Every structure is written in structure tokens, then in C-alpha cells.
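> need coordinates for the following:
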Amino acid sequence: MRKKILITISDIFLIRDLFHTGVTKRLISAGADIYVLVPESMYKGVKSRYEDKHIIVLEDTFIAPTKFEAALYWISRYSLSTDTIRIKQGRKIQEYEGGGLKTKALPRYFFFLLCWYLGKTRIWREFVRALYWYLPTSKRYEKVLDEVKPDVVFPTDFILYNEFNLLKTAKKKYIPNIGIVRSWDNLSSKVFLIVKPDCLITYNEAIKREAIKNQDINSNKTILTGIAQYDLYFDNSIITSREDFCRNLGLDPKKRFLFYCCSSSPTSPKYEEIFSILKSIMNQLKNDDLQLVIRPYPKYPLTQEVKDLFKDDPNVVLNEKDDIDDFVYGEIIQVANILYHSSIVMSTYTTLQLEACFYDKPIITVNFDGFTNKPYYYSVRSIADYNHYKERFGFGWMKSVNNKEEWLSAIKRYLSDPSYLQEGRKKLAHEQAFILDGKSWKRLSDVLMDKLQLKD
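Sure thing, here's the model as predicted:
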């Protein structure tokens with residue numbers, strides 16, 4: 001009899017991580033049927049693209065939490081006693097424009113600040129978990145689990161409240177379960193495990209340490225796999241020749257190019273100002289015969305003002321993607337090729353910097369907002385104080401710049417010596433990828449198959 005696994009998929013990046021890495025294919029070959037629970041907004045697209053005999057797509061109707069559940073969820077989030085959470089708390093009481101104080105938000109701020117201090121004690125953290133545990137389970141998820149009868153439940157995005165609702169319901173039905181940490185910043189900035197899974201997949205030793213310290217996970221309940229989504233970066237077959245790549249992107253293969261990757265809101269810089277500064281820098285470097293590729297963050301298109309800034313400039317390519325739903329496989333390969341063929345990668349604080357380390361690309365972090373800086377809590381400068389960055393600055397893996405002059409100097413330094421800060425980049429790549437062998441997807445599927453009691 002075939003085994004059943006219920007997997008939650010909340011966004012296109014999880015589709016990339018599971019459907020395009022070999023994980024689902026191996027599970028099916030070993031004898032598993034995969035039930036995929038997706039939100040209403042993704043249901044039709046995922047169903048038409050991926051459903052077959054052994055992949056069954058289910059629609060996950062949003063279940064609004066009760067007021068008490070919602071309050072408890074936010075209490076748990078702000079009981080995560082990290083520097084990142086303190087900064088996010090500060091963002092709640094600072095005005096975006098002018099940096100003034102939101103006086104009406106002060107009572108909530110001080111309440112959550114109290115939660116932050118209480119969260120330093122395990123007794124408080126377990127008390128919050130106990131409160132949530134004894135709340136009623138979801139009738140919706142009880143129905144799903146009763147109908148599917150999965151052998152294993154695999155929630156994949158603990159940032160979302162519904163994932164904990166599903167996990168609690170599964171645990172109360174004694175259904176084996178596995179959780180996973182999606183990114184290097186999750187356990188210090190976005191997730192409090194208000195329900196702990198039977199075991200937790202962590203990508204590397206650093207995330208494992210955070211799971212033990214911040215989330216009270218027993219060491220023997222964590223499993224290291226590496227990062228499946230990055231396996232493609234170790235597959236040389238996805239890299240096209242420089243001539244073909246540049247021709248397809250509209251670049252001159254004989255010229256070097258810089259790559260600027262945008263980040264997400266609300267701490268993005270003032271891009272109209274940042275790109276105006278960058279345009280001025282490019283003009284100063286015109287004797288170096290450089291090109292520039294700019295890529296917006298998914299779901300945040302470039303403004304018309306930015307587009308007009310580089311209009312008719314033959315040395316600038318705006319690498320936009322209209323159909324964001326297709327950001328699954330082809331787009332990953334294109335990003336990998338941009339990184340591989342670029343001379344310098346530039347951005348504010350974004351995970352793509354980590355990916356640049358896999359190709360040993362010089363990295364410049366733009367640590368200012370434009371001509372004038374925004375209030376601290378909304379500034380890119382605040383991200384430098386996030387735990388997952390601050391704890392790795394000592395590696396010496398990137399050059400942070402605070403103004404136009406430092407930016408220009410960093411570009412010149414890297415162009416003349418690409419090996420500058422190379423050892424730090426290697427150290428970060430090894431820490432985050434765990435094992436640089438391109439087989440993280442296999443280790444992830446090993447864990448799932450072991451839980452399902454399946455063999456190849």
C-alpha cells in the first residue's frame with residue numbers, strides 16, 4: 001500500500017524547493033502519494049501545473065484565528081528575545097516619515113517589550129506553548145486529516161499561523177510530523193515555534209544552534225540536510241556560455257558587468273535616489289567600459305522613475321519578470337547565470353548575497369538609503385543589526401558602503417582585485433550550505449522517506 005504525506009505549500013519558492021529539486025519525484029518513485037495543501041490564490045495554478053496520479057492538490061481555505069488566538073500568536077512572536085525582534089518592535093512606534101513617535105502605539109509596544117523580556121526564560125516560552133496547545137483544534141484541518149489519512153504531515157512555513165494550527169491538529173491525532181526551517185533568518189526574526197514538531201529539519205549547524213537556543217528544540221530532534229534550493233548552484237550544466245548568456249540578456253560579452261539586486265520593503269532604500277547615485281558612479285567609471293544589470297525583488301516591480309533614469313542606456317539592462325508565477329525553475333537558472341557571469345554583486349541586505357558567495361563573487365552592501373537616510377527603524381542600516389547578519393560580519397565576506405564615495409571606491413577595489421575578501425565568502429558559503437555537494441535535496445528526501453518508512 002502506498003504511503004501518504006501531506007505537505008503545505010504557501011508560495012512559489014516552496015514549489016521551487018520541493019518540486020524542482022528531485023524531492024517529490026523520489027518520494028513518488030519510492031511509493032508515496034503526495035497531498036499538497038495550497039492557499040486559494042495558488043490552487044488553480046498549482047493544480048493545473050503539477051497534479052497527477054500521485055500528486056493531489058488540495059485547496060486550503062484561510063481560517064481566521066479568534067481574537068485570543070491572534071493575540072497569543074503575536075505574543076509568541078514577540079517572545080522571541082533577539083535583537084532582530086527588538087528592532088521590529090521599534091518599527092511599530094516610529095513614524096515612517098520624519099521618525100516621530102507613534103504615541104498611540106506605545107501601550108502595545110510596552111506590552112510586547114515585556115513579552116520580549118519574559119521570553120528570555122524558558123518557563124514563559126513553555127507557558128505560551130501550553131496556552132496554545134489547549135485551545136480547540138481546527139475543524140477544517142480535522143476534516144482534511146480525516147479524509148486524507150496521511151502517514152506523515154509536513155508543514156513547511158512556520159511564519160504562517162495556519163501551519164501551527166495544522167501541526168497541532170496532527171499531533172493531537174498522533175500523526176507523525178516533520179517541520180523545516182526555510183531560511184537563515186527565520187528562527188531569529190520571524191518564527192516562534194508555538195508548537196514543536198516531532199523533528200525539525202535545519203539546513204546547517206548555525207540554524208541548529210538557533211533552534212536549540214531560541215526555540216527549545218532538543219538537539220536529537222534536529223536533522224541537518226543542507227539547503228535543497230541551492231543545489232542548482234553546484235550543477236555546472238545549468239551555466240550557459242558567456243556569449244549565449246550575454247546575447248540573450250542584451251549584454252556585450254566582451255565587457256564586464258555589475259549586478260544590482262533589489263530587496264523587499266519596508267526597509268528598502270529610496271531606489272530612485274540609489275539608482276541616481278549608481279548612474280553617477282557608472283558615468284565616473286565609463287573608462288572601465290562597464291555594464292549594469294538591475295533586477296527587482298520578486299513582487300516589487302521597478303518604478304517608472306527608475307525605468308526612465310536608465311531609458312535608452314545601452315549599458316544598462318533592467319532584468320524584470322512580468323509573470324512572477326513562473327519564478328520557479330527557469331528564473332532560478334537565469335539568476336544563477338547572472339551571478340556566475342557578473343563581476344560584482346551589489347545590493348542592500350538580501351539572501352542573494354549568500355548565493356553570490358557560492359560563486360565567489362565580490363559583494364558590496366549598500367548600507368544607506370539614498371541622498372538622505374530614513375529613520376533608523378525603516379532604514380537599511382537597521383538590517384545590519386539583525387542577528388543573522390550581525391553574527392556573521394566577523395567573517396569578512398562583503399564590503400559595506402555608507403555613501404557614494406565608499407561605493408565607488410569599493411567597486412574600483414574589487415575590479416582591480418576580485419579575490420579581496422575571498423576567504424570570508426568561502427567561510428559563509430560553507431557555514432550556510434552545510435555540505436557543498438549539490439545533494440541537499442537527497443538528504444531532505446532521505447528524512448521524509450525514513451519518516452514514511454520507505455526505501456528506494
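
> is it true that L167 touches P197?
Yes. The pair L167 / P197 is scored as a contact, 6.2 Å apart, by Cβ atoms under 8 Å. Every residue, glycine included, has its C-beta placed from N, CA and C.

> between those two, who's got more neighbours?
Neighbours were counted for L167 and for P197 using other Cβ atoms under 10 Å; L167 has more, 26 against 23.

> who's in contact with the more buried one?
The contact partners of L167, by Cβ atoms under 8 Å, 6 or more residues apart in numbering, come to 153, 155, 177, 179, 195, 197.

> just P253 next, same as before
Contacts of P253 (Cβ under 8 Å, 6+ apart): 242-243, 245-247.

> just name the closest of those residues to D83, please.
When the contacts of P253 are ranked by distance to D83 (Cβ to Cβ), F245 comes first, at 39.9 Å.

> grab the nearest non-local neighbour of that closest one.
Counting by Cβ to Cβ, 6 or more residues apart in numbering, N337 is the residue found nearest to F245 once chain neighbours are left out, at 5.1 Å.

> next one, pLDDT for F110 please.
Note for F110: predicted pLDDT of 94.

> which residues does V36 bridge with?
Bridge pairing for V36 (DSSP bridges) gives the partners I7, V57.

> touching, it and E59? I think so.
No. The criterion here is Cβ under 8 Å, and V36 misses it with E59 at 10.1 Å.

> helix or strand: which one has E59?
strand 55-60 (DSSP states H and E).

> and for L354?
helix 352-358.

> quick one: the one helix or strand in the chain whose mean pLDDT sits lowest to chain centroid distance?
Of all helical and strand segments in the chain, the minimum by mean pLDDT, DSSP states H and E falls on helix 12-19, at a mean of 83. Taking Cα atoms, centre = their mean, to the nearest Å, one finds the center of helix 12-19 at 12 Å from the center of the full chain.

> got the angle between that helix and strand 55-60?
150 degrees (axes from the mean of the first three to the mean of the last three Cα atoms, to 10 degrees).

> buried residues of helix 12-19, list them for me.
For helix 12-19, the neighbour count (16 or more other Cβ atoms under 10 Å) marks 12-19 as buried.

> related to what we said a few turns ago, what about the residue nearest to F245, which SS state?
At N337 the chain is in helix, as set by DSSP: H, G, I helix; E, B strand; the rest coil.

> quick one: low-confidence ranges for the stretch 151-300 of the chain?
265-266 (pLDDT under 70).

> try 80 this time
264-267, 298-299 (pLDDT under 80).

> residue boundaries of the helices in it?
Taking DSSP state H, counting those that start in this stretch as the test, the helices found in the stretch 151-300 of the chain are 161-172, 186-189, 205-215, 242-249, 271-284.

> any chance of the ones you listed in TSV with distance to K404 as columns?
Formatted as TSV, the helices of the stretch 151-300 of the chain follow (distance: least, Cβ to Cβ, whole Å):
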stretch	distance to K404
helix 161-172	43
helix 186-189	30
helix 205-215	34
helix 242-249	27
helix 271-284	5
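
> ok, back up a step: looking at V36 and E59, which one has more neighbours?
When V36 and E59 are compared for neighbours, V36 comes out ahead with 25 against 14, by other Cβ under 10 Å.

> quick check, central residue of the protein?
S183 (4.9 Å; Cα atoms, centre = their mean).

> how near is it to I223?
Separation of S183 from I223 (Cβ to Cβ, to the nearest Å): 17 Å.

> now S280
The gap separating S280 from I223 is 49 Å, by Cβ to Cβ.

> which one's more surrounded, the two?
I223 (18 against 13).

> distance check, the more buried one against V401.
As judged by Cβ to Cβ, I223 and V401 stand 39 Å apart.

> list the contacts of the residue nearest to F245.
By Cβ under 8 Å, 6+ apart, N337 lies in contact with 238-240, 245.

> let's see it at 7 Å
Counting by Cβ atoms under 7 Å, 6 or more residues apart in numbering, N337 makes contact with 239-240, 245.

> how about TSV for these, with neighbour count and distance to V306 added?
Compiled in TSV, the contacts of N337 are given as follows (neighbours: other Cβ atoms under 10 Å; distance: Cβ to Cβ, whole Å):
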residue	neighbour count	distance to V306
I239	16	29
T240	17	27
F245	17	24
